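Asks: Everything below, folded, please.
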Amino acid sequence: MSTETDVSSAVDDAPRSGAQQAVSDYVAKLRSGDIGSLSSVLGVIVLVLLFTVLKPGIFDTPRNFANLLNQSAAVIFIAMGLVFVLLLGEIDLSAGYTAGTAAAVLGVLVTQQGAPWYVAIIACLVTGTVIGLLLGLLVALLGIPSFVVTLAAFLGLQGVLLLVIGTGGTIPVRDPTILRIMNSQLPVWGGWVFWALVVVGFVALGLANQAQRRRAGLPTGNSVLFWAGAVGMAILLAVAVYVLNLERAVNVDVSSLRGVPVVVPVATLFLVALTFVLDRTTFGRHVYAVGGNAEAARRSGINVARVRIVCFMICSSMAAVAGILLASRDNSVSPSTGGAQTLLFAVGAAVIGGVSLFGGKGKVHNAILGGLVIAVIANGLPLVTSKAGIQFVVTGLVLLLAASVDAISRRKAVVTR
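Replies: Okay, here's the model as predicted:
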């Protein structure tokens, strides 16, 4: 018996290779309840394969891939802003109509008043920021639940949008600079330059972060996992750029349509900036602290009210950016801009991507991954079935599954502590 124990102990104590240790560390992380973005990544892969098999030659075309990115852009931008509010354990139900109202301001200025495009965009962003400030003040200073405040704003902003545009009316947007945001592409070589910048930037930031933690005497994480993630990301992005650089024009003799949509690098810039705010600034650490335990954060000297106000301002400002994208994509602003399922899809994108509804857990990139899941479902299901009921049921089940995974993983994390 002692011999078997000694052998077992020797096996356990034997040095593991880097790959073995990486796998062991990742499995332990999953068992502790920290699944990160795994579910959303697997969701995108499974859904893409499923719709490709069900509708070959229709879903898996370069044209549909580009359409999928354009269709999901506004939802993803709203979801990136919602991450800040959800991290606090709050909710913003008005983000969709904030996008519509801000877009209406842009449309009125650029079309009806003849203002320059940059003046209209600044006014659009200011509108979103002011709406977020008002919401934050009501939640943080008066203590009104965010659900009630933003539900009231949802109804009120819908009314404002109707008053500005008129029932059944539209405001056309014809400014070429604004339209170019969602209707132009990078040149083929520009797509590969963008790919190289993203990959080099990801590796450089990762290595810099490891060096900083090493100097501070903190664990740096498994290097094998880091390089595996970097290589995997580089390959996936290279495939995406290659597909988007293929010809997708219906009539090549009339015009050519190739390249990465401009909105993709724009979204990447916002991703980097917002990630920096959350991960590299004192404010970002305060957001996680308030979301984890607001009372403990207050007692440690954090201005909880200010954190909440700023998070609502960021959320509404990102919704205003989404309003610009919607106006650019549709070439107009209508009373339905930002309405319908826009907000529901944005909240679903954040939750499906891995942001916790209970606060204190999530990253900005979760919104993008979740947004891609929502976009694939919204894009692929109509190709499979024309019944809107089935589309809503499937989307709702996916959201419910994501929320269930979040609740189970949090419970498991508490138990393992």
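Asks: Could you list which residues are in contact with Val333?
Replies: Counting by C-beta atoms under 8 Å, 6 or more residues apart in numbering, Val333 touches Gly100, Ala103, Ala104, Leu106, Gly107, Ile165, Thr170, Ile171, Val173, Leu326, Ala327. The C-beta positions use only the backbone N, C-alpha and C, and glycine is treated the same way.
Asks: oh sorry, the question was meant for Val398
Replies: Counted by C-beta under 8 Å, 6+ apart, Val398 has contacts Gly43, Gly348, Ile352, Val373, Ile374, Ile377.
Asks: Could you check how far it is from Ala74?
Replies: 19 Å (C-beta to C-beta, to the nearest Å).
Asks: before we move on, what about Gly201?
Replies: 25 Å.
Asks: What of Leu244?
Replies: 19 Å.
Asks: Comparing those two, which residue is more hemmed in?
Replies: Just comparing Leu244 and Ala74: by other C-beta atoms under 10 Å the higher neighbour count belongs to Ala74, 31 against 21.
Asks: Helices - which of the contacts of Val333 land there?
Replies: Among the contacts of Val333, the ones falling in helices (DSSP state H) are Gly100, Ala103, Ala104, Leu106, Gly107, Ile165, Leu326, Ala327.
Asks: Pull up the gap between the first one and Ile76, please.
Replies: With the distance defined as C-beta to C-beta, Gly100 ends up 17 Å from Ile76.
Asks: Also the second one?
Replies: Using C-beta to C-beta, one obtains 16 Å as the distance from Ala103 to Ile76.
Asks: What count of nearby residues applies to Ala249?
Replies: Neighbours of Ala249 (other C-beta under 10 Å): 13.
Asks: Distance-wise, check it relative to Gln185.
Replies: Taking C-beta to C-beta, one finds Ala249 at 11 Å from Gln185.
Asks: anything in contact with each of the two?
Replies: Leu257, Arg258.
Asks: Tell me who's in contact with Val41.
Replies: Leu369.
Asks: so it, which of the three states?
Replies: helix (DSSP: H, G, I helix; E, B strand; the rest coil).
Asks: returning to that earlier point: out of the contacts of Val398, list just those in helices.
Replies: Gly43, Gly348, Ile352, Val373, Ile374, Ile377.
Asks: and of these, the nearest to Ala95?
Replies: Comparing the ones in helices among the contacts of Val398 against Ala95 with C-beta to C-beta places Gly348 closest, at 12.5 Å.
Asks: Can you tell me how far the closest one is from Val355?
Replies: Counting by C-beta to C-beta, the separation of Gly348 from Val355 is 11 Å.
Asks: Overlap in contacts, these two.
Replies: Common neighbours of Gly348 and Val355 (C-beta under 8 Å, 6+ apart) are Gly370.
Asks: Could you list the low-pLDDT ranges of the stretch 251-400 of the chain?
Replies: 252-254, 340 (pLDDT under 70).
Asks: the strands in it, which residues?
Replies: For the stretch 251-400 of the chain, the strands defined by DSSP state E, counting those that start in this stretch cover 332-333.
Asks: which residues of it fall in helices?
Replies: 263-280, 282-292, 294-299, 304-330, 342-353, 364-384, 388-416 (DSSP state H, counting those that start in this stretch).
Asks: Who are the packing partners of the fourth one?
Replies: I take that to be helix 304-330. In this structure, helix 304-330 packs against helix 62-87, helix 95-107, helix 117-140, helix 176-183, helix 263-280, helix 282-292, helix 294-299, with contacts taken as 3 or more C-beta pairs under 8 Å, 6 or more residues apart in numbering; DSSP states H and E.
Asks: Let's see that with 6 Å instead.
Replies: Contact analysis of helix 304-330 by 3 or more C-beta pairs under 6 Å, 6 or more residues apart in numbering; DSSP states H and E lists helix 62-87, helix 95-107, helix 117-140, helix 176-183, helix 282-292, helix 294-299 as its packing neighbours.
Asks: Mind listing what's buried along it?
Replies: For helix 304-330, burial by neighbour count (16 or more other C-beta atoms under 10 Å) applies to 304-305, 307-330.
Asks: again with stretch 274-285
Replies: Neighbour-count burial for stretch 274-285, with 16+ other C-beta under 10 Å as criterion, is recorded at Leu274, Thr275, Val277, Leu278, Phe283, Gly284.
Asks: Ok, stretch 223-237 next?
Replies: Val224, Leu225, Phe226, Ala234, Leu237.
Asks: Same question for stretch 369-389.
Replies: Buried residues in stretch 369-389 (16+ other C-beta under 10 Å): 369-381, 384.
Asks: picking that back up, which of Ala103 and Ile76 has more neighbours?
Replies: Neighbour count, other C-beta under 10 Å: between Ala103 and Ile76, Ala103 has more, with 33 against 29.
Asks: OK, contacts around the residue lying closest to that one once chain neighbours are set aside?
Replies: The shortest distance from Ala103 to any non-neighbouring residue, by C-beta to C-beta, 6 or more residues apart in numbering, is to Gly323 (3.4 Å). Residues in contact with Gly323, defined by C-beta atoms under 6 Å, 6 or more residues apart in numbering, are Ala99, Ala102, Ala103.
Asks: what about the second one, distance to Ile122?
Replies: Think Ala102. 11 Å.
Asks: So for these two, which sits in the more crowded spot?
Replies: Ala102 (35 against 14).
Asks: thinking that one is in contact with Gly128, fair?
Replies: Yes - in this structure, Ala102 is within contact of Gly128 by C-beta atoms under 6 Å, at 4.7 Å.
Asks: check contacts around Phe312.
Replies: Gly132, Leu135, Gly136.
Asks: Next, the contact list for Val200, please.
Replies: Applying C-beta under 6 Å, 6+ apart, no residues contact Val200.
Asks: burial measure for the nearest residue in space to Asn303 that is not next to it in sequence, as a count.
Replies: With sequence-adjacent residues excluded and distances taken as C-beta to C-beta, 6+ apart, Asn303 is closest to His286, at 8.0 Å. His286: 20 surrounding residues under other C-beta under 10 Å.
Asks: Quick check: the two most widely separated of the ones in helices among the contacts of Val333?
Replies: Once C-beta to C-beta is applied, these give Ile165 and Leu326 as the farthest pair, at 13.2 Å.
Asks: In the host helix or strand of Leu155, which residues are buried?
Replies: Element membership for Leu155, per DSSP states H and E: helix 146-165. For helix 146-165, burial by neighbour count (16+ other C-beta under 10 Å) applies to Ser146, Val149, Thr150, Ala153, Phe154, Leu157, Gln158, Val160, Leu161, Val164, Ile165.
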